[in-house]
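A.B. asks: Here is the input, now give the coordinates:
(one chain, ligands or ions: 1)
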Amino acid sequence: MSEKIDWANLSFGYMPTDYNVRCYFRNGAWGEIEVSSSESINIHMAATCLHYGQEAFEGLKAYRCPDGKIRIFRPEANAERLQSTCRGILMPELPTEKFVEMVKKVVKLNERFIPPYESGASLYIRPLLIGTGAQVGVRPANEFLFVIFVTPVGPYFKGGFQANPYVVIRDYDRSAPLGTGVYKVGGNYAASLLANKKAHDLGYSCEFYLDAKEKKYIDEAGAANFFGIKNNTYVTPLSTSILPSITNMSLMTLAEELGMKVERRQIPIEELETFEEAGACGTAAVISPIGRIDDLDTKKSYVFVKEGEQPGGWSKKLYDSLRDIQYGRAADKHNWVTVMD
Ligand SMILES: *Cc1c(COP(=O)(O)O)cnc(C)c1O
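C.D. replies: So this is what the prediction gives:
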């Protein structure tokens, strides 16, 4: 079957693979790792994930590299972020070793679905933790299911590094200042669907969020972290309602290594005017350059990439540096990469 897959033309969609891995939490303990070839899960209709949103997810990728090896980028960081999410919505924490073991196992079991290096495609890994115990009162479940499935996804940029337009949304918030924005939970995404649809309907590729309380500072670029670059400085928001992106964390490290200054602080929306480059970052694209951000209320348009021009130099440099580590083309100084044996 795998010979029939048109690797270079895959989208960011779901394609069935051979296996997924699962682990149940029952009677206060995590069980054995199970391998399943079923795409379904069978859960109680009163499961807390269905009613009260007790669910968390993660996202990471495995890459087939030019040296023939398979590399997975920073799975320990995803394990730790999932643990933080678990503390936030009262779910049992899955130990890092178990998380990484399951990631490696599901990648290995589905090796034939890891796209060839030349295609630019990769294997997306989706861990999911849900409250499965029945509960009608608002309380955490007593049983949980952790699942990891994988699916091949296409290259994010088909025609090279491209810039996208964003629109500032003031009528909706994706998360509250002291809410669940720092956790990777489905509820934040449900809260963003309408704003995202409005942005698309207006012809933008994504909505752009300001802080929910004052609507003064930049929060996130849709479901990705924001960064701006000026005067050799990489600036990214400090906020209590954004998701700590592992890509952003890695880019901050690389920016310093490339000789840039790094600032993590509140960014007033007016400051957008002063950035030479801007981008959205996350696992899906690494960096998705922002062409412009329109503020429909103030009628201001912040332009970073002019019509017909290429996205800025620092963004491309940072993008290439991170991709080189992910593909084993550059030394992995920080021990970010798990190489499969
Ligand atoms: C997952 C996610 C990101 C990106 O995180 P990475 O670890 O870099 O993939 C950014 N913002 C939100 C809201 C997310 O859910």
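A.B. asks: Buried ones in stretch 315-329, by neighbour count?
C.D. replies: By 16 or more other CB atoms under 10 Å, the buried positions in stretch 315-329 come out as 315-316, 318-322, 325-328. C-beta: built from backbone N, CA, C; applies to glycine.
A.B. asks: can it be found next to the ligand?
C.D. replies: No. Stretch 315-329 is not in contact with the ligand by CB under 6 Å from any ligand atom; minimum separation 10.4 Å.
A.B. asks: any idea how far G59 lies from K261?
C.D. replies: G59 sits 29 Å away from K261, going by CB to CB, to the nearest Å.
A.B. asks: which of these two has more neighbours?
C.D. replies: A count of neighbours by other CB atoms under 10 Å puts G59 above the other of G59 and K261, at 15 against 11.
A.B. asks: List the contacts of that one.
C.D. replies: For G59, the contact set (CB atoms under 8 Å, 6 or more residues apart in numbering) comprises 78, 124-127, 283-284.
A.B. asks: Just give me the least confident of these.
C.D. replies: When the contacts of G59 are compared by pLDDT, A284 scores lowest at 91.
A.B. asks: Could you grab the helix/strand/coil label for that residue?
C.D. replies: Taken by DSSP: H, G, I helix; E, B strand; the rest coil, the conformation at A284 corresponds to coil.
A.B. asks: Tell me, how many residues neighbour the residue nearest to it when sequence neighbours are not counted?
C.D. replies: Take A284 and drop its neighbours on the chain: the residue closest to it by CB to CB, 6 or more residues apart in numbering is Y156, 5.8 Å away. Using other CB under 10 Å, Y156 has 18 other residues around it.
A.B. asks: quick check, Y156 in a helix?
C.D. replies: No. Going by three-state DSSP, the assignment for Y156 is coil, not a helix.
A.B. asks: any idea how far E257 lies from G328?
C.D. replies: With CB to CB as the criterion, E257 and G328 are 18 Å apart.
A.B. asks: Which strand or helix spans C86?
C.D. replies: Element membership for C86 (DSSP states H and E) is helix 75-88.
A.B. asks: what packs against that helix?
C.D. replies: strand 55-57, helix 96-109, strand 122-131, helix 246-257 (3 or more CB pairs under 8 Å, 6 or more residues apart in numbering; DSSP states H and E).
A.B. asks: Of these, give the one that comes closest to the ligand.
C.D. replies: helix 246-257 (3.2 Å; CB to the nearest ligand atom).
A.B. asks: now for the closest one, which elements pack on it?
C.D. replies: Partner elements for helix 246-257 (3+ CB pairs under 8 Å, 6+ apart): helix 75-88, strand 224-230, strand 233-237, strand 261-265, strand 277-282, strand 286-295, helix 313-326.
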